[in-house]
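Participant: sharing a sequence plus its predicted fold:
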Amino acid sequence: MEKRVVITGIGLYSCIGENKVEVLDSLRVGRSGIIYDTPRKEFGYRSCLTGMVKDPDLKPFLSRRERIGMHQPAMYAYMSTREALEQAKLDVDFLDKNETGIIFGNDSTAGAVIETIDKVRERKDTTLIGSGDIFQNMNCTVNMNLSTIYKLKGINLTLSAACASGSHAIGMGYLLIKQGLQERVICGGAQEINQYAMGSFDGLGAFSIRQDEPTKASRPFDKDRDGLVPSGGAATVIIESLESALRRGAPILGEIVGYGFSSNGDHISNPNFDGQYRSLNMAIKQANIDPKVVDYVNAHATSTPIGDSMEAQAIFGVFGSEVAVSSTKSMTGHECWMAGASEIAYSLLMMENDFIAPNINFENPDEDSKKINIISEMKEQKIDCFLSNSFGFGGTNSSLIIKKYNK
Amino acid sequence: MNRDQIIETTKRFLSEEFEVSTDVIIPENNLQQTLDLDSLDYVDLVVVIEENFGFKPTADDFKTVATFEDFYQLVEQKLAELA
């Protein structure tokens, strides 16, 4: 028999807040986390805009050995996971004794790799790199570090699916629990913020160059959008079987009812309508709901001209023009590998607090965005069911549907 | 570098790298136990020794080191060889 899968904890380390309380406030007031990062200019960036989080000081929480294998993705993910576990009423002692998995989305460790290679180039001796770098360099860095720190005994894998990594991580965890193969899985996504990570992306000319107005640069669906703004941090979403959550007396923040996915099988960077449409419809079908039941769509929309248009068409095609839509990337920028997980967390905060966060900077619609209901000012509204989209390079698409928990 | 300088330097970089108090870095204490070294930590120990004393101890060198006193003797010997 298939299990019901619920969410019992979320944690955030984001450019709009280093914890849920700060993030909630930003979502309500429509606060942007985008800045102009001057060092990127000298480095050779076309656009110096980015979301920014600071490297957290983990010394109060972790031993030297626990910290030494961490660079930004793992450091950020530790912070978000720490917060999520606390909400889910999980601690190391419980995790050590009760099988729990971890599936985290991550798709780069550029900063760590480059720092390591710089050491070797300077010293010409690999034995002088030190013991921590290998665990920082590997793409599974978040999993290696967190599974060790928290003594996790279940599924342990990293999910790399470009900007849909975090969403697929939750989707895959959902499937494992639904099938009874895991009781609970720590899911999430992490995205490094350093100038090494995004240079090649910037080189494609995909980033906004509205550098004189950083907080206005990310403007998904707006007619005058000119590209995305990179960002990062980490988000953790703890999911488990309903039985486990009830047994433990954990808070139930929502129930995952649908996971749709697809591949475009087309261009490596250009999105297409068909892939997104199929992902959305698969999620609706899996959830076995009428699209009208969905109160809110947290759009993937990154503020690129073509991507937002395709998504607006897909949303219109599936839901028509009534469902409330916003892209929280208007505030956060594009959190890439983290985005699929953070946007579930942002939406859960909205669902819990009965509001829809604004798609800031949406001033004028274009031909496609005028067909859908984009919320440009914070709106008090009850949300019983929402859908979150994530799409990535290589044409990977993921759509998750979450409902308020009802017995 | 004389013995006092070696001790002073050692206390500084080992306490910094392995996050222990300088008070426990005393000649008669066991180096591995005091610093709580596992196999990976020895990799880092080599790095900080090279950075601070300019030589890279081998696995065989470490076989002669039980206490900090043994370590100071090893450093003196290696520095003399380098001189």
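Facilitator: Good, I have the coordinates. From a predicted model like this one, the values you see are computed outputs, not experimental measurements. Numbering: from 1, shown residues only, chains lettered A, B, ... in the order given.
Participant: show me the contacts for the residue of the stretch 101-250 of chain A found nearest chain B.
Facilitator: Closest approach between the stretch 101-250 of chain A and chain B, counting by Cβ to the nearest Cβ: residue A:131, at 4.0 Å. Placement of C-beta: from N, CA and C, glycine included. By Cβ atoms under 8 Å, 6 or more residues apart in numbering or on different chains, the contact set of residue A:131 is A:68, B:40, B:41, B:43, B:44.
Participant: what is the rounded mean pLDDT of the strand or helix carrying the last one?
Facilitator: Secondary structure here is read from DSSP states H and E; on that basis residue B:44 sits in helix B:39-53. Here the mean pLDDT over helix B:39-53 is 97, rounded to a whole number.
Participant: helices or strands next to it in the packing?
Facilitator: Applying 3 or more Cβ pairs under 8 Å, 6 or more residues apart in numbering or on different chains; DSSP states H and E, one finds that helix B:39-53 makes contact with helix B:3-18, helix B:68-82.
Participant: of those helices, which is nearest residue A:310?
Facilitator: Closest of the helices and strands packed on helix B:39-53 to residue A:310 is helix B:3-18, at 51.7 Å (criterion: Cβ to Cβ).
Participant: and that closest one with helix B:39-53, angle?
Facilitator: Orientation check (axes from the mean of the first three to the mean of the last three Cα atoms, to 10 degrees): helix B:3-18 against helix B:39-53 gives 140 degrees.
Participant: format the helices and strands packed on helix B:39-53 as TSV; extra columns: mean pLDDT, mean neighbour count and distance to chain A.
Facilitator: Below are the helices and strands packed on helix B:39-53 laid out as TSV (pLDDT from 0 to 100; neighbours: other Cβ atoms under 10 Å in any protein chain shown; distance: least, Cβ to the nearest Cβ, whole Å):
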stretch	mean pLDDT	mean neighbour count	distance to chain A
helix B:3-18	97	15	6
helix B:68-82	96	16	16
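Participant: could you export these as JSON lines, including distance to residue A:48?
Facilitator: What follows is those, written out as JSON lines (distance: least, Cβ to Cβ, whole Å):
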{"stretch": "helix B:3-18", "distance to residue A:48": "34"}
{"stretch": "helix B:68-82", "distance to residue A:48": "47"}
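Participant: for residue A:350, give its distance to chain B.
Facilitator: The spacing between residue A:350 and chain B, counted by Cβ to the nearest Cβ, to the nearest Å, is 42 Å.
Participant: coming back round to it: what's the distance between the residue of the stretch 101-250 of chain A closest to chain B and residue A:145?
Facilitator: Distance of residue A:131 to residue A:145, computed by Cβ to Cβ, to the nearest Å: 13 Å.
Participant: which of the contacts of residue A:131 sit farthest apart?
Facilitator: So, those by Cβ to Cβ: farthest apart are A:68 and B:43, at 10.3 Å.
Participant: find residues that contact each of those two.
Facilitator: With Cβ under 8 Å, 6+ apart, residue A:68 and residue B:43 have common neighbours A:130, A:131.
Participant: between the contacts of residue A:131, which is nearest residue B:67?
Facilitator: Nearest to residue B:67 out of these is residue B:41 (Cβ to Cβ; 17.0 Å).
Participant: residue contacts, that closest one?
Facilitator: By Cβ under 8 Å, 6+ apart, the contact set of residue B:41 is A:65, A:131, B:18, B:35.
Participant: with distance to residue A:13 added, can I get the residues you listed in a markdown table?
Facilitator: Converted to a markdown table, the contacts of residue B:41 look like this (distance: Cβ to Cβ, whole Å):
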| residue | distance to residue A:13 |
| --- | --- |
| A:65 | 22 |
| A:131 | 26 |
| B:18 | 28 |
| B:35 | 31 |
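Participant: leaving out the residues flanking it, which one is nearest to residue A:111?
Facilitator: Spatial nearest neighbour of residue A:111, excluding adjacent residues (Cβ to Cβ, 6 or more residues apart in numbering or on different chains): residue A:194 at 3.9 Å.
Participant: so what's the residue count around that neighbour?
Facilitator: By other Cβ atoms under 10 Å in any protein chain shown, the residues close to residue A:194 number 20.
Participant: try residue A:162
Facilitator: Neighbours of residue A:162 (other Cβ under 10 Å): 19.
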